[in-house]
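In: no sequence for this one, just the structure:
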């Protein structure tokens, strides 16, 4: 990431502020890049097993659209191709399961340099909805508890974000962005070999989300 930022800053300084028009009311900005979800996970103890779980990182194609309502305020929608995460057991070297999710996040952003040419930093606050799907229990865990199914509740939560567009053309810019998202879910494991007994536990995923890519202003 440090190398990308250095190249972006060098390109912006070489071209000067005339390289891009100011962000104005009515502009659309499309950002595409490598978006990484890096959970800072914490879970309750899982039933009588006396273990907790962690959630691995994953990187997908980020598709981020922003509409400039005024020179300084924009409305952003963070979307991406589905993220896929392994769920690991903390106390032993074992995989508990895996899941996919989509985390659309709607934010209101403030651009302090809106209306001025050149680089465009921004900060925002918003709301996230995370939809979990394709959950499954890993063979490692089934070796301990027998055949089982996994279900994760969808999540609503708040988010905070910051980023910067560094121009390298009239419409093009490098983009670096970061979000912190409150994602909390309840996991339910159905033990099919134990009469469909159910084990529930809460998992705070609370990821940092990073994007490195390009932006295009329409």
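Out: Cool, got the structure. None of these values were measured; they are calculated from a predicted model.
In: CA atoms for contacts and neighbours, from now on please.
Out: Will do.
In: just checking, what packs against the lengthiest strand in the chain?
Out: Longest strand in the chain, counting residues (DSSP state E): strand 120-137. Applying 3 or more C-alpha pairs under 8 Å, 6 or more residues apart in numbering; DSSP states H and E, we find strand 120-137 packed against strand 94-102, strand 105-110, strand 148-152, strand 155-167.
In: got a list of contacts for the one helix or strand residue 66 maps to?
Out: Residue 66 belongs to strand 58-68 when assigned by DSSP states H and E. Residues from elsewhere that reach strand 58-68 (C-alpha atoms under 8 Å, 6 or more residues apart in numbering): 23-38, 74-85, 211.
In: and those residues, which are buried?
Out: Neighbour counting with 16 or more other C-alpha atoms under 10 Å marks 23-25, 27-38, 74-80, 82-85, 211 as buried within the contacts of strand 58-68.
In: can you list the weak-confidence ranges in this structure?
Out: The chain contains residues with pLDDT under 70 at 1-21.
In: Please list all residues in contact with the spatially most central residue of it.
Out: Centroid check for the chain by C-alpha atoms, centre = their mean gives residue 209 as the closest residue, at 4.0 Å. Listed by C-alpha under 8 Å, 6+ apart, the contact partners of residue 209 are 35-38, 178-181.
In: next one: residue 205
Out: 39-42, 55, 182-185.
In: One more: residue 177?
Out: 161-164, 210-212.
In: helix, strand or coil for it?
Out: strand (DSSP: H, G, I helix; E, B strand; the rest coil).
In: now the farthest one out in this protein, which residue is it?
Out: The chain, farthest from centre, C-alpha atoms, centre = their mean: residue 195 at 37.1 Å.
In: which other helices and strands contact the very next helix or strand once past the longest strand of the chain?
Out: Heading C-terminal from strand 120-137, the first helix or strand you meet, by DSSP H and E, is helix 139-145. In this structure, helix 139-145 makes packing contacts with strand 94-102, judged by 3+ C-alpha pairs under 8 Å, 6+ apart.
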